[in-house]
Structures are given as C-alpha cells and as structure tokens.
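K.L.:
3D, please:
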Amino acid sequence: MTILFIVSMNQVSRIIANHSMDSYNRPFYCPLEGIIDMVTKKWAMLIVAVLKFENDLGFNQLLDKLFNISPKSLSDTLKSLEKIGIVKREVIQGPPVRVKYHLTEEGEKLGQVLLPLLEWASNHSDQNTCKIIELFSGSKD
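P.N.:
Residues are numbered from 1 along each chain as shown. Okay, the predicted model is just below:
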C-alpha cells in the first residue's frame, strides 16, 4: 500500500526554520518527519476530523466532541496544530470574549487526506466503543 502525504512549501519552510525536534528532542532531518510526528499524535487526527465536519468550534465544544480528552491535552494539541499551520485560533471580541478554532486551508487539505483513513478505522471498530464514529454517519460536502 502506498501512502501519499501532501506537504506545502510553507509547512516545509516552517519546520526547517524552526529546526523542529521530535518528541524525543531529536532534530528532524526530513521535513516530512515533523508533520508525521505531529499528525500522528494521539488526538491530532481526531481534532482535524472534528473541525473538518464542524468548523468554528470553541474550546469547550471541542472538549464535548472528543469525549475523553483532558483540557490540557486539547490545549497542547491545538497549540501544536496552530504552530504548524493546520488550525487557526480566532478571538472574537465582545462580551464575553470568545475563541473559535477552525482549519486553515492546509488543515482542510490534511482533513481530506485523513478522512478516508478515519472512515476505514470507523468501519473496522466496534461502534459501541468508538463514539467518534458518529462523525462519519453523514458526509460533509
């Protein structure tokens, strides 16, 4: 099976410019390693999937959609996804000040690549134990 990863030059240059390190503090020698390392983290793919189906969600809405994620894990993962240009954090002024998260153009492209993988996983799991499958019950055009 061949897996194709689409990487924009913006992502590559950000990774190279930041001299990214993986989770073991080793430098990345291939720009693709940094993206793969981030996207394959426990919650990253699910956050991208949720935002692909339901754009412009607040922090607490994301917590509700992701069921077992801790607030710290969600916050850390959102910051990492924002740093590599997958997620955009938007502050909406007004009483009260609100924060919404949505996918960037690159995040939308990544979501398109991840959806078939997540759909495959949902078709091969116990529907009673995988609540994220509810996202795949209908398709978003």
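K.L.:
Show the average pLDDT along stretch 87-98.
P.N.:
The average pLDDT within stretch 87-98 is 92.
K.L.:
how about low-confidence regions in the protein?
P.N.:
Applying pLDDT under 70 to the predicted model, the residue ranges of the chain that meet it are 1-35, 38-39, 125-141.
K.L.:
Now for it: which helix has the highest residue count?
P.N.:
helix 105-123 (DSSP state H).
K.L.:
And the strands in the protein, which stretches?
P.N.:
For the chain, the strands identified by DSSP state E occupy 87-92, 98-103, in order along the chain.
K.L.:
before we move on, back to that, can you list the buried residues in the longest helix of the chain?
P.N.:
Counting neighbours by 16 or more other Cβ atoms under 10 Å, one finds that the buried residues in helix 105-123 are Glu106, Gly107, Leu110, Gly111, Leu114, Leu115, Leu118, Ser122. In this view, the C-beta of every residue, glycine as well, is placed from N, C-alpha and C.
K.L.:
Correct me if wrong: the third one contacts Val48.
P.N.:
Yes. Applying Cβ atoms under 8 Å as the test, Leu110 and Val48 come out as touching, 5.9 Å apart.
K.L.:
Tell me the spacing between the nearest residue to Thr104 once chain neighbours are set aside and Ser70.
P.N.:
The shortest distance from Thr104 to any non-neighbouring residue, by Cβ to Cβ, 6 or more residues apart in numbering, is to Lys88 (5.0 Å). In this structure, Lys88 and Ser70 are 23 Å apart, going by Cβ to Cβ, to the nearest Å.
K.L.:
Nice, that's everything, thank you.
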